[in-house]
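J.: Show me the folded form of this:
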Amino acid sequence: MDANNKPRDPWQFTNYLPLLSEIGELYTFTTSSRGGISAIAGLARRHASHRKRHPEDFPLVALGVDSYDHANKQYGRIKIPVFAPAGYVPERKFLEALAAAGIVIAESASIEGDAGDELNDCIPL
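T.: Numbering: from 1, shown residues only. Here you go, the predicted structure:
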């Protein structure tokens, strides 16, 4: 039910962030809130710029919290997650933990030859 006691659509846009603890346990942070989605987006932006220079690194984060006063005073102060940068770890550690849990990650298919060759082929009439 929503704030007006009307039925809410059970299908929600949701983000999932797989996490690996310092002792090798896998977790999934799941969120449908704007604050949670923004926290994942901020982490993704930071990681994307770092990954261009260091493709074998995964971000190490410390889970923090921030808050703001909701525009609707009825909701009060809203807490939001913060994924604070804490360094980087080798990607292989995360992939090894996934493999140990029985989760297989497919390698991205490499493109043979020049992609332009595919675009310059003849189309029979």
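J.: switch to C-alpha atoms for all contacts and neighbour counts from now on
T.: Noted.
J.: Flag the shaky bits of the protein, pLDDT-wise.
T.: Low-confidence segments of the chain, defined by pLDDT under 70: 107-125.
J.: quick one, longest helix in this protein?
T.: Longest helix in the chain, counting residues (DSSP state H): helix 34-53.
J.: Run through who's touching that one.
T.: With contacts defined as C-alpha atoms under 8 Å, 6 or more residues apart in numbering, helix 34-53 is touched by 14-15, 17, 31, 57-59, 80-83.
J.: Also stretch 72-89?
T.: Stretch 72-89 has contacts (C-alpha under 8 Å, 6+ apart) with 35-36, 39-40, 43, 57-70.
J.: List the contacts of the most centrally placed residue in the chain.
T.: For the chain, L17 is the residue whose C-alpha lies nearest the centre (C-alpha atoms, centre = their mean; 4.3 Å). Shown in contact with L17 (C-alpha under 8 Å, 6+ apart): 28-30, 40.
J.: Which helix or which strand is home to it?
T.: Using DSSP states H and E, L17 maps to strand 15-20.
J.: For that strand, list every residue counted as buried.
T.: Neighbour-count burial for strand 15-20, counted by 16 or more other C-alpha atoms under 10 Å, picks out 15, 20.
J.: now swap in stretch 49-64 and tell me
T.: Going by neighbour count (16+ other C-alpha under 10 Å), the buried part of stretch 49-64 is 57-61.
J.: got the angle between the strand holding L17 and helix 34-53?
T.: Counting by axes from the mean of the first three to the mean of the last three C-alpha atoms, to 10 degrees, strand 15-20 lies at 60 degrees to helix 34-53.
J.: Tell me how far strand 15-20 lies from the chain's centre.
T.: Counting by C-alpha atoms, centre = their mean, to the nearest Å, strand 15-20 is centred 6 Å from the centre of its parent chain.
J.: Note down every partner strand of the helix or strand that it is followed by and its orientation.
T.: As assigned by DSSP H and E, the chain's next helix or strand after strand 15-20 is strand 26-31. Sheet pairing of strand 26-31 (DSSP bridges) gives strand 15-20 (antiparallel).
J.: Could I get the CA-only coordinates of the partner strand as PDB?
T.: Only the C-alpha atoms of strand 15-20 are listed here, as PDB (Å, rounded to 0.1, in the frame of the first residue of the first chain):
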ATOM      1  CA  ASN A  15      19.300  -2.400  -8.300                       C
ATOM      2  CA  TYR A  16      21.400  -5.300  -7.000                       C
ATOM      3  CA  LEU A  17      25.000  -4.800  -5.900                       C
ATOM      4  CA  PRO A  18      27.000  -8.000  -5.200                       C
ATOM      5  CA  LEU A  19      29.500  -7.500  -2.300                       C
ATOM      6  CA  LEU A  20      32.300  -9.600  -0.900                       C
END
